[in-house]
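A.B. asks: sequence first, then the predicted structure, then my questions.
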Amino acid sequence: MINFLRRLRSSDFSYYFFRDPIALVSFAVLLVLVVAAFSAPLIAPHNPYDPTTIDIMDSELPPAWAAEGSRNFLLGTDDMGRGMFSTMLYGMRISIIIGLGAVLLQAMIGIVVGLLSGYIKRLDSILMRIADVQLSFSTYMIAIFIGATFQMVFGVANYEKIAAPLLILIIGLAEWPQYARTVRASVLAERQKEYIEAARVIGLSKVRIMWRHILPNTLSPVLVISTVQVANAIMSEAALSFLGLGMPQNKPSLGSLITSGFEYIFSGSWWITIFPGILLVTLILVINLLGDWVRDYLNPKLYKG
């Protein structure tokens, strides 16, 4: 049985998890944020994507507890008159979707490349050199090049229509070498073990050995990387939005919300940037804390109970 699945299924997983206050609180906060984000159409007081529900006269209203605040907008409004609470819920949903989608793409590419590189020697040098070249370019450089080129060729209006899938593609293509290198290292260790030699002796194909025998035993580090990469993908999307290459203003993510309010922070409308910024930091923090706990738990050399 797969090592990491055996550990996840063992009774000590829940025992140690519920006795680790950091992991427990992080999971509870993340669960609340995810449920709130994907329940935005049900719990949000306003729909920021529906222009008929937005009144420009309500723009830049402070939070409800401030002197000029309105009870209709708990956390105030942005420069377009959208309620910050509702817009943040919808924006967080987009940020999470982009983060999960990008990590899924990274994992698919990286796992395939890592398996082939680690098991087939003649492909190792070629694939790893490609990964090295990829690592020499930052995510932002690739995103700026692809995003700016797409906007120039197809126009800003067409870019806004497919901004989310394009961001998933950009971030996914930029970060797959992390998975490839990790999976390759695990494959190099696994291919020397006796059960792989036995599989070769009985005549199993390379594809079957890689996917049915080696891959399951490399999933433990992949799971740990994925938790970290989700947070990195969300941060990358926020950074790209800050550069003007992220989500459009009519369908904002947390990053584009921070960007749209940045120019108003010194004029007194601090809530437009501060509240989405706090939410983004909280989301990334709890994901990273959970990732650290999972990493320690799946590594018996690190985890002490």
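C.D. replies: Perfect, thanks for sending it.

A.B. asks: so who does the closest residue to Thr139 other than its chain neighbours touch?
C.D. replies: Closest residue in space to Thr139, ignoring its immediate chain neighbours: Ala174 at 4.0 Å, by Cβ to Cβ, 6 or more residues apart in numbering. Where you see a C-beta, it was placed from the backbone N, CA and C, and this is true even at glycine. Residues near Ala174 by Cβ atoms under 8 Å, 6 or more residues apart in numbering: 134, 137-139, 142-143, 236.

A.B. asks: check Leu135 too.
C.D. replies: Pro177.

A.B. asks: please apply the same query to the one 5 residues further on.
C.D. replies: Tyr140 makes contact with 236, 239-240, 243, according to Cβ under 8 Å, 6+ apart.

A.B. asks: narrow those residues to those in helices?
C.D. replies: In helices, defined here by DSSP state H, the members of the contacts of Tyr140 are 236, 239-240.

A.B. asks: neighbour count and distance to Tyr195 added to these, as JSON lines?
C.D. replies: Formatted as JSON lines, the entries for the ones in helices among the contacts of Tyr140 read as follows, by neighbours: other Cβ atoms under 10 Å; distance: Cβ to Cβ, whole Å:
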{"residue": "Ser236", "neighbour count": "25", "distance to Tyr195": "39"}
{"residue": "Ala239", "neighbour count": "16", "distance to Tyr195": "44"}
{"residue": "Leu240", "neighbour count": "26", "distance to Tyr195": "44"}
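
A.B. asks: can you pull the pLDDT of Asn158?
C.D. replies: Listed pLDDT for Asn158 reads 71.

A.B. asks: that one: how many residues sit nearby?
C.D. replies: 12 (other Cβ atoms under 10 Å).

A.B. asks: also the one 4 residues further on?
C.D. replies: The criterion is other Cβ under 10 Å. On that basis, Ile162 has 12 neighbouring residues.

A.B. asks: does Pro41 really touch Asn47, like I thought?
C.D. replies: Yes. Taking contacts as Cβ atoms under 8 Å, Pro41 lies within contact range of Asn47: 7.3 Å.

A.B. asks: alright, that wraps it up for me.
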